[in-house]
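[1] Got a sequence here, can you build the structure:
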Amino acid sequence: MSDYRFCPRCATSLIERADADADGGRLRHVCPDDDCGYVHWNNPLPVVAAIVEYEGKILLARNAAWAEGVFALITGFLEAGETPEEGIAREVLEETSLQVRETELIGVYEFIRKNELIIAYHVKAEGTVALSPELLEYRLVEPAKLRPWKAGTGQALGEWMRRKGLPFEFVERPGQ
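    The predicted model follows:
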């Protein structure tokens, strides 16, 4: 459930209540004040992800908050007013300084643990890599040596590898 505790409209403590209109009575945080009526829907957030092809290899990056040895795809939240294609080009530019030249949709994947919906692309990029402060380092990996994990962006990477005819096995977590 979400970590909302108070109503953003009237500051009353929220309660959990089953949604009578939803199948199975899904629990939602709601304001108990009938005059307010606020419901926190807690819908998944749209995230864009890129399998960045650069100089014939796939660019993986390590976020500053991650353990050493954990690398992943370039990702970011979709912003209001932009298409997913615009969003992934913006994220790649912001995080790596690379310009996206080609974009191909891989698919849409749930990431339930983080309440996100991932819109994944394969992009071909060019320029000179310069990482944003949120990224510590990057690796360029031969496509056949990629090791997708079982959730989130790993599902997209596995699908891309399957389409390319590349053998792969899912690992438990990134970095394994």
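
[2] How is the protein divided into domains?
    If you go by automatic domain parsing, the domain ranges for the chain are 1-42, 45-163.

[3] Could you tell me the least trusted of those domains?
    Per-segment mean pLDDT for the domains of the chain reaches its minimum on domain 1-42, at a mean of 84.

[4] Just the buried positions in the longest helix anywhere in the chain, please.
    Across the chain, the helix with the greatest residue count (assigned by DSSP state H) is helix 84-96. For helix 84-96, burial by neighbour count (16 or more other C-beta atoms under 10 Å) applies to Pro84, Glu85, Gly87, Ile88, Ala89, Arg90, Glu91, Val92, Leu93, Glu95, Thr96. Every C-beta, even on glycine, is put in place using the N, C-alpha and C of the backbone.

[5] ok, back up a step: make TSV from the domains of the chain and add distance to Glu169 to it.
    Supplementary listing: the domains of the chain in TSV, determined by distance: least, C-beta to C-beta, whole Å:
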stretch	distance to Glu169
domain 1-42	34
domain 45-163	7
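
[6] Outside of the top strand by length along the chain itself, which residues are in contact with it?
    Longest among the strand segments of the chain by residue count, using DSSP state E, is strand 99-111. With contacts defined as C-beta atoms under 8 Å, 6 or more residues apart in numbering, strand 99-111 is touched by 44, 47, 50-51, 85, 88-89, 92-93, 116-127, 151-153, 155-156, 159-160, 163.

[7] That one: how far from the chain's middle?
    Here strand 99-111 is found 11 Å from its chain centre; the criterion is C-alpha atoms, centre = their mean, to the nearest Å.

[8] strand partners of that strand, parallel vs antiparallel please.
    Applying DSSP bridges, strand 99-111 is found paired with strand 116-126 (antiparallel).

[9] and the residue nearest in space to the middle of the chain, what element?
    Centroid-nearest residue in the chain: Val47, 4.1 Å away (criterion: C-alpha atoms, centre = their mean). Secondary-structure assignment from DSSP states H and E places Val47 in strand 45-54.

[10] before we move on, the earlier item: just the buried members of the contacts of strand 99-111?
    With neighbours counted using 16+ other C-beta under 10 Å, the contacts of strand 99-111 contain these buried positions: 47, 50-51, 85, 88-89, 92-93, 116, 118-125, 151-153, 155-156, 159-160.

[11] so which strand or helix has the residue of the chain most remote from its centre?
    Each residue of the chain has a distance to the centre, and by C-alpha atoms, centre = their mean the biggest one is for Asp35: 36.7 Å. Under the assignment given by DSSP H and E, Asp35 is not contained in any helix or strand.
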